[in-house]
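Participant: Starting from these lines, generate the structure:
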Amino acid sequence: MGVVLKNGKIITGDGKTVIKRGHVAIQGELITSVGMGLPPTRKTDRIIDAGGKIIIPGIINPHEHYLTIGPGLLGEHPWYAEQVIEHLNSHLLQGTTTILNMDGLALPSETEKVNRMHPVNVKTATMHMLDFVRAIECVTDCPGLKPVHKKMTVEEAVKQGAVAIGEIEELSLWAAIVHLPVAMRKQTGKAVTPFQARKIQQTILGDVENPPEFDQSKVTEALEELGLEPKYQKGIIDILDKMVAEPHRLCHKVYLESAEIAKRLGIPIIVHYALESMDWLIELARKYARNVNILASHCDSVSFSDIEESITMTKKLKKLGIITNATSYMKEHVDLTDINVRLFEERLVDTICTDAAGQQDSILYFIERIVEEKLAELPELIAMATSNVSKFIPDLAPHRGLIQKGKIADLVMVDAEHVSDVEKVIIGGQVVIEDGYHARKEIPSMGPPPFGPDGRLYQRDIYTRLPSRLACDLAEKE
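Facilitator: Numbers count the residues shown, from 1 in each chain. The predicted structure follows:
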C-alpha cells in the first residue's frame, strides 16, 4: 500500500523551493512523485488530505546525547533502555526522524540495538581514541566503560557504522561544573559550588593553555573567600593538575589526532564550541577545513564573557571554513536567547540541533520563534534542520533531508500557522505518528535529571503518546 499526501504546502528542504498546494506520493520507502495538484492514485493507497498544512522533510538532528544503551561521552553509566526510548519518543513527537548520538564512546552495536527498538533513525559518532579515554579517566571514574569500549578504535567504529568523530572537547569547564566541587569537598570537607571551583581554577591555572605566573596572594585570597585554611592549598593544586591540566594536555593531542583520522577516512568531525578550546579549533580550521567538514557545535555557547566576543569568534571560524551550529535552547522554553538572536541577525548559522539529553526544546518551535522575530525565512530554516545536515554529515542521513522523487520518505506534516505543532510523522514511508507534539502547550520540564547513586538516572515508568500498536511493539522488542 502506498501513501499519498495531497493539498499540502510543501517546503522541499532545499532552502528555497515551496509548492503552495501540491502532493507527495510514496511507494514503499521512497517518494515517487512530488508536484502541484493531485497525483494518480491506486485503490490501495492511503490518501491523507493535508488540508493546507505544511509538509516538510523529517528533521535531521546532528547533536544529542543519551540515545544508545552505551556509555555517556565521559564514560558515565548508560541510561536505562526505557529512558532511551522515552527520550527518542520526545524527539519523534517533535518531528525528528534522524538523530546523531554524540556520546562517542558508545559502540555502533549499542546504537543498532536501539534502532531495532524505535522507528527514529539513530546513528553514532566515535571518540574511541586512547588519549581521550586517558583524559576522561583523569576527571571521572568512567563507571560505564568496559574493556570493549576502551579497545575500540575510530577506524573500526567507522567500519561498523559510526558516521563522524565527536564530540571532541576540552574538559576543564565540564570538570569545574560537575567534578571539581565533589573532589574539593572530599579534600577539604567544605561544600564548594561550581562557580567557586571555577574561580579557584582560573586563579591558579588561568586559561590552562597559557597559565599565569603563580601569585600566592591571589591564591590565598581565593582560599579565604571559601573559608579554607592555607593547609589545603597543595591538595587543591594537586586536584587541579590531575582533573584540569593533564586532561587539557591530552585533549589537545586528541584534537589534532581526530583531524588527521578524519582526513584519512573522509568523515566529518564535530567539535564542542567553547572559549577554552577556541585556539585549537582555529588551528584545526586553518590546517584541515579545506579537506575535512568541521562542525562547531552550539555556537551559542555560554562560556564566553560576552555575546560580542562569541560573535566575533564565530565570524572568524566561518571565514576559515568551519560549519556552524545553533542549539534550540530557549529562555524558560519560550523566548530566543540573546546570543541566538545575534547569530541569526549576522547570518552565522548553518545547522540547528538540540543538546539537552531529554529536556530539549523542539527544533521546530525554535524555528517558529525565529520566523516570528523575522530573523530568517521558513524555507531557509527548514534546510538548516534537514538538507544542510545531510550535506555536512553525508553518512548520517543518506537519501534523506529533501522532498524529492527517489528520496527516502521521511516527512512531517505541521500546522501552517504554528510549525511546531506536529500532526503526522512518516519514516521510511510508514506513518508512525498520527497526532504529534504541540510545543506551545507542552513545555518540557527543566529540572535537573535525578541521577542515582550509581551515576545514572533512576528507572521510572514511561509515558508515551505513540500509537498503542507501536508502543506495544516496542515493549515486546525490549
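Participant: what packs against the helix or strand containing N325?
Facilitator: Using DSSP states H and E, N325 falls within strand 323-327. Here strand 323-327 touches strand 59-64, strand 294-297, helix 307-319, helix 338-345, strand 351-353, going by 3 or more Cβ pairs under 8 Å, 6 or more residues apart in numbering; DSSP states H and E. All C-beta atoms are positioned from the backbone trio N, CA, C, and that covers glycine.
Participant: Report the mean per-residue pLDDT for the second one.
Facilitator: The average pLDDT for strand 294-297 rounds to 96.
Participant: For that strand, which strands pair with it and how are they oriented?
Facilitator: Strands that pair with strand 294-297, judged by DSSP bridges, come out as strand 269-272 (parallel), strand 323-327 (parallel).
Participant: what's the angle from the longest one to helix 338-345?
Facilitator: Read it as strand 323-327. If you take axes from the mean of the first three to the mean of the last three Cα atoms, to 10 degrees, strand 323-327 sits at 140 degrees to helix 338-345.
Participant: Give me the distance from strand 323-327 to the chain's centre.
Facilitator: Put simply, strand 323-327 sits 10 Å off its chain's centre (Cα atoms, centre = their mean, to the nearest Å).
Participant: Same question for it: list its buried residues.
Facilitator: By 16 or more other Cβ atoms under 10 Å, the buried positions in strand 323-327 come out as 323-327.
Participant: Check stretch 369-387 too.
Facilitator: Here stretch 369-387 shows 369-370, 375-376, 378-387 as buried, counting by 16+ other Cβ under 10 Å.
Participant: which residues touch that stretch?
Facilitator: By Cβ atoms under 8 Å, 6 or more residues apart in numbering, the residues outside stretch 369-387 that reach it are 11, 13-18, 56-61, 330, 335-336, 340-341, 344-345, 347, 349-352, 363-364, 367, 400-402, 419.
Participant: are any of those residues buried, and which?
Facilitator: Neighbour counting by 16+ other Cβ under 10 Å classes 11, 13-15, 56-61, 330, 336, 340-341, 344, 349-352, 363-364, 367, 400-402, 419 among the contacts of stretch 369-387 as buried.
Participant: returning to that earlier point: which of the strands paired with strand 294-297 sits closest to P230?
Facilitator: strand 269-272 (35.6 Å; Cβ to Cβ).
Participant: returning to what we had before: what angle separates the strand holding N325 from helix 307-319?
Facilitator: Interaxial angle of strand 323-327 relative to helix 307-319 (the same axes, to 10 degrees): 140 degrees.
Participant: Just put the strands paired with strand 294-297 in a markdown table and tack on distance to A409 and mean pLDDT.
Facilitator: Listed next are the strands paired with strand 294-297 as a markdown table, based on distance: least, Cβ to Cβ, whole Å; pLDDT from 0 to 100:
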| stretch | distance to A409 | mean pLDDT |
| --- | --- | --- |
| strand 269-272 | 27 | 96 |
| strand 323-327 | 26 | 95 |
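Participant: Next, format the ones you listed as JSON lines and append distance to D415.
Facilitator: Shown next, in JSON lines, are the strands paired with strand 294-297 (distance: least, Cβ to Cβ, whole Å):
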{"stretch": "strand 269-272", "distance to D415": "32"}
{"stretch": "strand 323-327", "distance to D415": "23"}
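Participant: closest one to G95 among those strands?
Facilitator: Here strand 323-327 is closest among the strands paired with strand 294-297 (Cβ to Cβ), at 16.3 Å.
Participant: Could you list the low-confidence segments of the stretch 301-450 of the chain?
Facilitator: By pLDDT under 70, the low-scoring segments of the stretch 301-450 of the chain are 302, 358, 437-450.
Participant: Which stretches in it count as strands?
Facilitator: 323-327, 330-331, 335-336, 351-353, 411-414, 422-427, 430-433 (DSSP state E, counting those that start in this stretch).
Participant: Out of the buried residues of strand 323-327, the closest to I239 would be?
Facilitator: T327 (30.7 Å).
Participant: quick one, what contacts the most centrally placed residue in the chain?
Facilitator: Geometric centre of the chain, nearest residue: H63, 2.0 Å, by Cα atoms, centre = their mean. Residues near H63 by Cβ under 8 Å, 6+ apart: 100, 102, 167, 270, 297-298, 325, 327, 353-355.
Participant: can I get those residues in TSV with distance to D49?
Facilitator: Below are those laid out as TSV (distance: Cβ to Cβ, whole Å):
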residue	distance to D49
L100	34
M102	39
E167	42
I270	40
S297	39
H298	39
N325	36
T327	35
C353	33
T354	31
D355	37
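Participant: Most neighbours among those, which one is it?
Facilitator: Compared across the contacts of H63, I270 has the highest neighbour count, 31 neighbours, by other Cβ atoms under 10 Å.
Participant: Please verify my assumption that it contacts E169.
Facilitator: No. Applying Cβ atoms under 8 Å as the test, I270 and E169 come out as separate, 9.7 Å apart.
Participant: Just say helix, strand or coil for T41.
Facilitator: coil (DSSP: H, G, I helix; E, B strand; the rest coil).
Participant: For E229, grab the count of nearby residues.
Facilitator: Residues contacting E229 under the criterion other Cβ under 10 Å number 9.
Participant: Could you verify my assumption that it touches L223?
Facilitator: Yes. Between E229 and L223 a contact is recorded at 7.5 Å, counting by Cβ under 8 Å.
Participant: Now the terminal residues of stretch 300-315, how far apart.
Facilitator: Using Cα to Cα, to the nearest Å, the gap from the first to the last residue of stretch 300-315 comes to 13 Å.
Participant: Same check on stretch 285-297?
Facilitator: Termini of stretch 285-297 sit 14 Å apart (Cα to Cα).
Participant: Quick check: buried residues in that stretch?
Facilitator: Neighbour-count burial for stretch 285-297, with 16+ other Cβ under 10 Å as criterion, is recorded at 285, 288-289, 292-297.
Participant: again, but for stretch 239-256
Facilitator: Residues 239-240, 243-248, 250-252, 254-255 are the ones in stretch 239-256 that count as buried (16+ other Cβ under 10 Å).
Participant: repeat for stretch 169-177
Facilitator: By neighbour count with 16+ other Cβ under 10 Å, stretch 169-177 contains the buried residues 169-176.
Participant: swap in stretch 188-203?
Facilitator: 188, 192, 196-201, 203.
Participant: what would the residues you listed look like in a markdown table with secondary structure, distance to K263 and pLDDT?
Facilitator: Formatted as a markdown table, the buried residues of stretch 188-203 follow (DSSP: H, G, I helix; E, B strand; the rest coil; distance: Cβ to Cβ, whole Å; pLDDT from 0 to 100):
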| residue | secondary structure | distance to K263 | pLDDT |
| --- | --- | --- | --- |
| T188 | helix | 46 | 86 |
| V192 | coil | 42 | 82 |
| Q196 | helix | 42 | 82 |
| A197 | helix | 37 | 82 |
| R198 | helix | 35 | 79 |
| K199 | helix | 39 | 79 |
| I200 | helix | 39 | 80 |
| Q201 | helix | 33 | 80 |
| T203 | helix | 39 | 80 |
